[in-house]
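Novice: sequence-free structure coming up:
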């Protein structure tokens, strides 16, 4: 046996002895850790599967409710929406519930839901903005422009995706109270904005035609 092979054999025996000592000392802990890792991975995969199942079931119920609402089966739609508990679809269901209520004339209840959703800390930010805008449309016939500006004024900024809807709300509310100058200002800002949706620009143009004669009287 050469010196080199002898040294390798001694090193191997030393390593095996060290491994044995480590195992004797920490073997149980290593085994427990390995079991915990396996359980954690299995649990996480199970949780993801459960989440997918919940989302799929919620989507089926939600789409069925939306179909019933489109068919004006409001009571059936509301019952189906109440059964949607999964977080993501649950938030959509809450907004759809408010829309269904508004569609059948329960404006007060719809407005209550929209306002609560917009103010809730757990609401998706984009959906919360949508709820605030929808609430604004429902308030056109009852709220003053100043009241609407308090709740929706933050959207009245160039570049904000909700600016068109907010400005239409302000303009319509101003027209209702015969503040034609304010109504004209907001409708013209809508008409001039190149990013205003076509249907909204057409409404703004129609409103400008109604407002102009009123301004000419002054």
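Specialist: Structure's in. What do you need? Keep in mind that this is a model prediction, so the values were computed, not measured. Numbers count the residues shown, from 1 in each chain.
Novice: quick one: low-confidence parts of this protein?
Specialist: Residues of the chain meeting the criterion pLDDT under 70: 1-62, 86-88, 218.
Novice: Could you list the domains of it?
Specialist: 1-104, 139-218 (automatic domain parsing).
Novice: what about residue 148, neighbour count?
Specialist: Residues lying near residue 148 (other C-beta atoms under 10 Å) number 22. Bear in mind the C-beta positions are built from the backbone N, C-alpha and C, glycine included.
Novice: Please report the distance of it from residue 130.
Specialist: 16 Å (C-beta to C-beta, to the nearest Å).
Novice: ditto for residue 158
Specialist: Taking C-beta to C-beta as the measure, residue 158 falls 20 Å from residue 130.
Novice: between the two, which one's more packed in?
Specialist: More neighbours surround residue 130 than the other of residue 158 and residue 130, with 18 against 8 (other C-beta under 10 Å).
Novice: Surely the more buried one and residue 95 touch.
Specialist: Yes: the pair formed by residue 130 and residue 95 meets the contact definition of C-beta atoms under 8 Å, at 6.8 Å.
Novice: Pop out the phi and psi values for residue 206.
Specialist: phi -60, psi -40 (degrees, to the nearest 10).
Novice: Please apply the same query to the one 4 residues further on.
Specialist: Reported as degrees, to the nearest 10, the phi and psi values for residue 210 are phi -80, psi -30.
Novice: Name the nearest residue to it, sequence neighbours excluded.
Specialist: In space, not counting the residues next to it along the chain, residue 210 is nearest to residue 175; the distance is 7.5 Å by C-beta to C-beta, 6 or more residues apart in numbering.
Novice: residue contacts, residue 185?
Specialist: Applying C-beta atoms under 8 Å, 6 or more residues apart in numbering to residue 185 gives the contacts residue 171.
Novice: Could you say which helix or strand holds it?
Specialist: Take DSSP states H and E as the rule and residue 185 turns out to sit in helix 180-192.
Novice: Also residue 150?
Specialist: Assigned by DSSP H and E, residue 150 belongs to helix 145-152.
Novice: List the buried residues for stretch 191-198?
Specialist: Within stretch 191-198, the residues scored as buried using 16 or more other C-beta atoms under 10 Å are 191, 193, 196.
Novice: Any idea how far apart the tips of it sit?
Specialist: In stretch 191-198, first residue to last residue: 9 Å (C-alpha to C-alpha, to the nearest Å).
Novice: residues in contact with that stretch?
Specialist: Against stretch 191-198 from outside (C-beta under 8 Å, 6+ apart): 163, 164, 190, 201, 204, 205, 208.
Novice: which one among the residues you listed gets closest to residue 123?
Specialist: The closest of those to residue 123 turns out to be residue 163 (C-beta to C-beta; 20.7 Å).
Novice: Residue 142: neighbour count?
Specialist: Count around residue 142 with other C-beta under 10 Å applied: 11.
Novice: helix or strand for it, which one?
Specialist: Applying DSSP H and E, one finds residue 142 in no helix or strand.
Novice: ditto for residue 136
Specialist: Per DSSP H and E, residue 136 falls inside helix 125-138.
Novice: again, but for residue 194
Specialist: Going by DSSP H and E, residue 194 is not in any helix or strand.
Novice: Residue 133 versus that one, what's the distance?
Specialist: Here residue 194 is placed at a distance of 21 Å from residue 133 (C-beta to C-beta).
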